[in-house]
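Peer 1: Could you work out the structure for the sequence below:
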Amino acid sequence: MTDADIDAAELRRSIGRRDRRHQVFDADTAARMAALLDWETPPPAGGDLPPLWHWSYFTPLTRAGDLAKDGHAVKGAFLPDVPLPHRLFAGARIHFHAPIRIGDAVERQSTVHDVRVKEGRTGPLVFVVLHHELSVGSQVVLQEEQDIVYRGAAPEPAPGALPGAAPPRAQFSREVAPDPVLLFRYSAVTFNGHRIHYDRDYAVGQEGYPGLVVHAPLTATLLADLLRMHRPDARLTSAQFRALRPICDTAPFTICGHCAGDTAILWAQAPAGGVALRLDARLQVAAA
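Peer 2: Numbering: from 1, shown residues only. Sure, this is the predicted structure:
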């Protein structure tokens, strides 16, 4: 299939579709995330939700009969009906306007913001941009744009150059062993049915990966948690991440960070070398 075989005009008719949901950001879900990240104690009810933990709320509610072979929802209800079999979460831009507290009743309004068709090195790619706005009462607390990419061929690094300059020398880092239990638990807490994260036969035989794939949001969350451990005085005000190449459970990888003033650069180093995912953040530093 080439980009000429994809009806871009038809796909773009999905632009402007909206979905609205409400959910209480309960303490049990936060406690599961804390356990997954090996916190000694979970954040207390009424306390601030750590950054990027919002991905464990508003999880998919798709009926089993409406799932596709890959474990995702059948396309065409909210997301456009893209005629390509493989989907990945390639990046996001997030603005944290105010803290979300555990126990808050949150509303999320989601919109299909854009749909673009491009030709990649191994065939067509469809980029879908989603906009999410989270509110508590009348206050917008978080805005996020997500990049969802659909492809038809074997996995390849995300097209385009690395955002920003190459990462500086790491000031802090740690090794992560992405074992199947970690991947399963993150799939469970986010109710993510995508089989590349827990079904090795499917990930290798059907989608062409060398092993189970580490979720890009999980990697970004691990980076945010690394920043918390080394800069507890700083609060994220914005973050953008881009997944550049998949990380699989075949070997440990390293997460790294560098802070300078009110900025932070965080990245995941692939086992074979090179940046697999980069997160650039703006910080609000607490007064001494």
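Peer 1: What segments of the protein are helices?
Peer 2: Using DSSP state H, the helices of the chain run over 8-12, 27-36, 180-190, 200-205, 216-230.
Peer 1: Which other helices and strands does the first one contact?
Peer 2: Read it as helix 8-12. Contacts defined by 3 or more C-beta pairs under 8 Å, 6 or more residues apart in numbering; DSSP states H and E place helix 8-12 against strand 105-120. Where you see a C-beta, it was placed from the backbone N, CA and C, and this is true even at glycine.
Peer 1: and if you look at the third one?
Peer 2: Counting by 3+ C-beta pairs under 8 Å, 6+ apart, the packing neighbours recorded for helix 180-190 are helix 27-36, helix 216-230.
Peer 1: which parts of that helix are buried?
Peer 2: Judged by neighbour count using 16 or more other C-beta atoms under 10 Å, the buried positions of helix 180-190 are 182, 183, 185, 186, 187, 189, 190.
Peer 1: angle of that helix against helix 27-36?
Peer 2: Using axes from the mean of the first three to the mean of the last three C-alpha atoms, to 10 degrees, the direction of helix 180-190 lies 160 degrees away from that of helix 27-36.
Peer 1: Tell me how far helix 180-190 lies from the chain's centre.
Peer 2: 14 Å (C-alpha atoms, centre = their mean, to the nearest Å).
Peer 1: One more: the longest one?
Peer 2: Shown here is helix 216-230, whose average C-alpha point lies 11 Å from the average C-alpha point of the whole chain (C-alpha atoms, centre = their mean).
Peer 1: what's the distance between the residue nearest to residue 173 when sequence neighbours are not counted and residue 176?
Peer 2: Leaving aside its chain neighbours, residue 173 sits nearest to residue 256 (4.2 Å; criterion: C-beta to C-beta, 6 or more residues apart in numbering). Note on residue 256: its distance to residue 176, by C-beta to C-beta, to the nearest Å, is 11 Å.
Peer 1: Identify the contacts common to these two.
Peer 2: residue 268 (C-beta atoms under 8 Å, 6 or more residues apart in numbering).
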